[in-house]
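Peer 1: The following block contains a protein sequence and its predicted model.
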Amino acid sequence: MSHEVGLIVLDVLGQYCMNFKNQLDANDGDNPLMLKVKEIFITILQFGQSETLYKHTFASLRALVNKFPIAMFKGSSTLVGDLCVEILKCCNSRVPSTRNEACALLYLLMRSNFEFTGRKEFVRVHLQVIIAVSKLISDADSGRFQESLAIVNNYANNDKAMQNSHFPSQVRDLTKKIRTVLMATAQMKEHENDPEMYVDLQYSLAKSYSSTPELRRTWLESMAETHNKHGNYSEAAFCYIHIAAILAEYLKRKGVYPKGCSVFKSISANVEEDEKGVKDDGGMQDVQYTEEHFVDQLEKITKALEKAERFELIGEVYKLAIPYYEAQRDFTGLAAAYGHLHQAYQTVLKVMMSQKRWLGNYYRVAFFGAMYFGADDGKQYIYKEPKVTGLVDISQRLVSLFGNKFGVDNVELIRDSGKVDQSKLDDKIAYIQISFVKPYFDDKDLEERKTEFERSNNIRRFVFETPYTKGGKAHGSVDQQCMRKTILTTSHTFPYVKKRIKVMYENHQELSPIQVAIDEMNTRVKELQQVTSKISPDIKGLQLKLQGSVSVQVNAGPTAYAAAFFGKNQEKNWSSQHVWELKQVFKYFLIACSECLDVNAKLVKSDQFEYHEKMKNNFEEMVQHISELVGENVLEELPSMKRKSSASQVFSVISDSTGNIGY
């Protein structure tokens, strides 16, 4: 019954196409009637049919291709694109006759497209086939697909009418590219449980199509889907940003949008480097992007950025969309844009006051073991982990991941952050070294990046510390404790279209014990100043910082540094410049503590007066003790110093001795 119904439908479609050809050709085939005809054919192909009905369906489709070349190869590319998806599914069919019919139709599309362009090329079918393959990667059986590709190649090689043209070589080029995609997708299946490697493979394919907008866009959308699946919303948002940049660059080449992808420079430093490579080759000829497509993509980005909690960037995106709405007198779009902006900036105020937004933690991950990691042996990456992922969490995840891949007994975690001597490692073991890293900023960066968000966007330098002593031990007394700061620079800035980026450069800074003290006290000063600089200070956070700085029982840090480096007997062992700088940092530390106490006195309630007085007394005892070591009455100097102090003074005083360290 269904077989007979199918044949009747095909007969009616054939009669309709014959009698209403002019209406179906209207607007180069981009009309509701042709859309409905396409939908009927695709519905027949999508649902399981008899072998005979498939044979008649493909015959009807061949007639459609021959009858409507303008709609197929001049109008909207979605007609050929949707057909290619279903044809390739049939090329992967278990039924040999269905595969043969699909191959014949696919070959006819290529040949007709080639003839339509005056025997120059078949760009449209070429692009749409690659896009279709990219969409079907998880469903394709490599053996059956390879067999279908061989059939198509045989058609081209044995077509006598095409022997003196470039057509056979262009068919071979297309099938070669399809095989490349199939090989990459086979690798993806191997690494489907390794999200970083899976995205890296997608990234490689997207990069290989950098000169072909539609294909690159397809793979970036696939990457965004993967990121959303794993909760990496920032990376998904930046995939959408790169897609918008592709559209902007295309419109620039068409003379519609003069600035091109450079408009995204303020959002991401990666965009222009990655997307300015669009060339005026065949890949540009079959896409028909408009400003409307560009603005639709911008709206998609604003939603993705909101999900990623990167609210500050929403304003930058709307700076690109609002001029279009204004030019079109689209007041509905303008109202929605400004409403979204109002909501975004309100949220920015809330998260700045609450300090309860976490945009990710960063870890340096190094791999050792050529037998297991191949080209990644000895390589370092910076991994961006979501929210407040801890060192234990990422360590367990990666050890479990590679343990499942290589065998639990063959994977070992290196817990030390120091330099690894690969000659001492066992060739039969896969080693993973993981270290927590922080974004690194010098004084100039800190001046330019005022907010926590600015210090979490467009970052590519990271730092981690390795403690050591000259005696060979990792830890020693205060006057023996040295520190090595390792500064890593990645190939791209975070956030990016992937969540791990390769380390390109590595620099080291060696700190002597007194420089370690200066750096540690510098960090304490910054933390205390950040607490008091808030519009509405958090009293709990304020008291925690105060308690860690002035309470006697946890006061070992500052007083230990003072005892180790101040006083005639100690100062002679260190550079006079470093001693002077440490004294200056101590003075600013005491100022910061005093200011925190002043703020606490205003915020504290009656039930905490006694607690406040205790901290105040502890502070005065600490000042007295440090004054004795320094040889100056610091307590008397504090009021005048507080009036003169500023953050820039603090940092300028102490920057030279530690080699412009700041992060």
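Peer 2: Looks like it arrived, so ask away. Numbering: from 1, shown residues only.

Peer 1: check which helix or strand covers the residue most central in space within the chain.
Peer 2: Computing the C-alpha centroid of the chain and ranking residues by C-alpha atoms, centre = their mean puts residue 496 first, at 2.7 Å. For residue 496, there is no helix or strand it lies in under DSSP states H and E.

Peer 1: residues in contact with it?
Peer 2: Residue 496 makes contact with 235, 238, 268, 270, according to C-beta atoms under 8 Å, 6 or more residues apart in numbering. Glycine gets a C-beta too; all of them are placed from N, C-alpha and C.

Peer 1: filter those to the buried ones?
Peer 2: Buried members of these, scored by 16 or more other C-beta atoms under 10 Å, are 235, 238, 268, 270.

Peer 1: Sort out for me which of the residues you listed are in strands.
Peer 2: Using DSSP state E, no member of these falls in strands.

Peer 1: what about residue 520, neighbour count?
Peer 2: Residue 520 has 17 neighbouring residues, counting by other C-beta atoms under 10 Å.

Peer 1: my bad, residue 354
Peer 2: With other C-beta under 10 Å as criterion, residue 354 counts 10.

Peer 1: Equivalent analysis for residue 546, please.
Peer 2: When neighbours are counted by other C-beta under 10 Å, residue 546 comes out with 23.

Peer 1: can you pull the buried residues of the one helix or strand it maps to?
Peer 2: Following DSSP H and E, the helix or strand that holds residue 546 is helix 539-550. Within helix 539-550, the residues scored as buried using 16+ other C-beta under 10 Å are 539, 542-543, 545-547, 549-550.

Peer 1: Verify the contact between residue 347 and residue 311 for me.
Peer 2: Yes: under the contact definition of C-beta atoms under 8 Å, residue 347 touches residue 311, with a separation of 5.0 Å.

Peer 1: closest to residue 503 among the contacts of residue 496?
Peer 2: residue 270 (15.9 Å; C-beta to C-beta).

Peer 1: Now do the contacts for the closest one.
Peer 2: 238, 242, 492-493, 496-497.

Peer 1: Could you list the low-pLDDT ranges of this protein?
Peer 2: Across the chain, residues meeting the criterion (pLDDT under 70) sit at 1, 137-142, 277-287, 551-556, 634-663.

Peer 1: that older thread, so between residue 347 and residue 311, which is more surrounded?
Peer 2: A count of neighbours by other C-beta under 10 Å puts residue 311 above the other of residue 347 and residue 311, at 22 against 16.

Peer 1: I'd say the more buried one and residue 305 touch.
Peer 2: Yes: between residue 311 and residue 305 there is a contact at 7.1 Å, judged by C-beta under 8 Å.

Peer 1: At which residues are the strands of this protein located?
Peer 2: In the chain, the strands defined using DSSP E lie at 361-368, 380-385, 411-414, 430-439, 459-468, 482-494, 500-511.

Peer 1: Kindly reformat those as TSV and extend each row with distance to residue 118.
Peer 2: Converted to TSV, those look like this (distance: least, C-beta to C-beta, whole Å):
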stretch	distance to residue 118
strand 361-368	53
strand 380-385	49
strand 411-414	59
strand 430-439	56
strand 459-468	49
strand 482-494	42
strand 500-511	46
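
Peer 1: Kindly state which of the ones you listed is positioned closest to residue 354.
Peer 2: Minimum separation from residue 354 across the strands of the chain (C-beta to C-beta) falls at strand 361-368, 18.9 Å.

Peer 1: Against which helices or strands is that closest one packed?
Peer 2: Packed against strand 361-368, as judged by 3 or more C-beta pairs under 8 Å, 6 or more residues apart in numbering; DSSP states H and E, are the following elements: strand 380-385, helix 391-406, strand 430-439, strand 459-468.

Peer 1: Which residues does that strand contact?
Peer 2: Residues contacting strand 361-368 (C-beta under 8 Å, 6+ apart): 373, 376-385, 387-391, 394, 398, 414, 420, 422, 425, 430-439, 462, 464, 488, 494, 500, 503.

Peer 1: Work out the sheet partners of that strand and label each with its direction, please.
Peer 2: Using DSSP bridges, strand 361-368 pairs in its sheet with strand 380-385 (antiparallel), strand 430-439 (antiparallel).

Peer 1: Can I get these in a markdown table including distance to residue 578 and mean neighbour count?
Peer 2: A markdown table is the format used below for the strands paired with strand 361-368 (distance: least, C-beta to C-beta, whole Å; neighbours: other C-beta atoms under 10 Å):
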| stretch | distance to residue 578 | mean neighbour count |
| --- | --- | --- |
| strand 380-385 | 32 | 20 |
| strand 430-439 | 24 | 20 |
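
Peer 1: Nearest approach to residue 577 belongs to which of those strands?
Peer 2: Residue 577 lies closest, by C-beta to C-beta, to one member of these: strand 430-439, at 27.0 Å.

Peer 1: Give me the contact list for that closest one.
Peer 2: 361-369, 371-373, 382, 391, 394-395, 398-399, 402, 406, 410-414, 416-417, 420, 425, 455-456, 459, 461-464, 488, 663.

Peer 1: redo that, cut-off 7 Å
Peer 2: Residues outside strand 430-439 that contact it (C-beta atoms under 7 Å, 6 or more residues apart in numbering): 362-369, 372-373, 382, 391, 394-395, 398-399, 402, 406, 410-414, 417, 420, 425, 455, 459, 461-464, 488, 663.

Peer 1: now swap in stretch 578-586 and tell me
Peer 2: 514-515, 517-518, 521-522, 525, 562, 565, 571, 626, 630, 653-654, 657.

Peer 1: what about stretch 417-428, distance to the chain center?
Peer 2: Relative to the centre of its chain, stretch 417-428 is centred 30 Å away, using C-alpha atoms, centre = their mean, to the nearest Å.

Peer 1: I meant stretch 145-154, not that one.
Peer 2: The chain centre lies 37 Å from the centre of stretch 145-154; the measure is C-alpha atoms, centre = their mean.

Peer 1: Convert the C-alpha atoms of that stretch to PDB, please.
Peer 2: Taking Å, rounded to 0.1, in the frame of the first residue of the first chain, the C-alpha atoms of stretch 145-154 are listed here in PDB:
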ATOM      1  CA  PHE A 145      31.200   5.500   2.100                       C
ATOM      2  CA  GLN A 146      34.600   4.700   0.500                       C
ATOM      3  CA  GLU A 147      32.900   2.300  -1.900                       C
ATOM      4  CA  SER A 148      30.400   5.000  -2.900                       C
ATOM      5  CA  LEU A 149      33.200   7.500  -3.500                       C
ATOM      6  CA  ALA A 150      35.000   5.000  -5.700                       C
ATOM      7  CA  ILE A 151      31.800   4.600  -7.800                       C
ATOM      8  CA  VAL A 152      31.500   8.400  -8.300                       C
ATOM      9  CA  ASN A 153      35.200   8.500  -9.300                       C
ATOM     10  CA  ASN A 154      34.600   5.700 -11.900                       C
END
